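Student: Whatever this is, show me its structure:
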Amino acid sequence: MGNKAGGKGKKDPAVLTDEDLKMLKINTRYTEEEIQAWHAGFLKDCPSGKLDKKQFLNVYKKFYPEGKADKYCNFVFKAFDTDNNNWIDFTEFLLAVGVSQHGNLEDKLKMAFDIYDQNKDGEINRKDMTKIIEAMYDLANEEDRSGEKAPDQRVDLIMKRLNKVKTDVVRRNEFIEGCLRDELLRKILAPNTALASDGQASNITTTTSAPMHTTTSINETGAAV
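Tutor: Residues are numbered from 1 along each chain as shown. Alright, predicted model coming up:
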């Protein structure tokens, strides 16, 4: 999701530095004015400049009131928290939003992989996939987990289509290349990358009062299996 500047070592996370601004202009498609507007909206929701896990979870709960958002939210939060300090600052936030709004298919698949790759070592295994699929089911309040819908059966299908029957490990490039060539894999592993029947991709959205009526969107990469 781009190279993050500042973050953990920043004295005041509420401040958008010139370095932050330069980095965001390079790594997103937003103009300086748009970045400033996003920042103003972010501070209205998070005056300290820190989006913590509880706030992040509250967003998911609003849009999935019938499901259990906790597990899936934890996975997404950890993927967005690139410096592992247990809160998301504005640069981390806008880099993720930038991919959600403007990223190409490969960029979005990289983000999906980051959600699976919780220890950030560039690899995922059957256990990682099973945990995410179970969390997706919880989020969508999916109770039918038998037969082909059983998490372990889903993982077996994924590994077979990735030609990984003899190994448990899938690397980033293998994940991306497999999803690029296989629409079924995209639907299972990163459903937000495939347009719905009405042509709209799914988003978790929370309205802020930023200038220019900016809307803060945290893409639900991987949700809605």
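Student: was I right about Val169 contacting Glu123?
Tutor: Yes - between Val169 and Glu123 there is a contact under CB atoms under 8 Å: 5.2 Å. Heads up, the C-betas are built off the backbone N, CA and C, glycines and all.
Student: between the two, which one's more packed in?
Tutor: Neighbours were counted for Val169 and for Glu123 using other CB atoms under 10 Å; Glu123 has more, 17 against 12.
Student: Please report the distance of the more buried one from Asp138.
Tutor: 24 Å (CB to CB, to the nearest Å).
Student: Same question for Asn84, what's its three-state structure.
Tutor: With DSSP: H, G, I helix; E, B strand; the rest coil as the basis, Asn84 sits in coil.
Student: what's near enough to touch Arg29?
Tutor: The contact partners of Arg29, by CB atoms under 8 Å, 6 or more residues apart in numbering, come to Gly98, His102.
Student: confidence score at it?
Tutor: Per-residue pLDDT puts Arg29 at 93.
Student: same check, this time on the one 3 residues further on
Tutor: Among the per-residue scores, Glu32 shows a pLDDT of 96.
Student: Now do the contacts for it.
Tutor: Leu21, Lys25.
Student: one more time with 10 Å, if that's ok
Tutor: Applying CB atoms under 10 Å, 6 or more residues apart in numbering to Glu32 gives the contacts Leu21, Lys22, Leu24, Lys25.
Student: backbone phi and psi for it, please?
Tutor: For Glu32, the backbone dihedrals are phi -60, psi -40 (criterion: degrees, to the nearest 10).
Student: what does Asp121 give?
Tutor: Dihedral angles of Asp121 (phi, psi; degrees, to the nearest 10) stand at phi -110, psi 10.
Student: What of Arg181?
Tutor: Reported as degrees, to the nearest 10, the phi and psi values for Arg181 are phi -100, psi -10.
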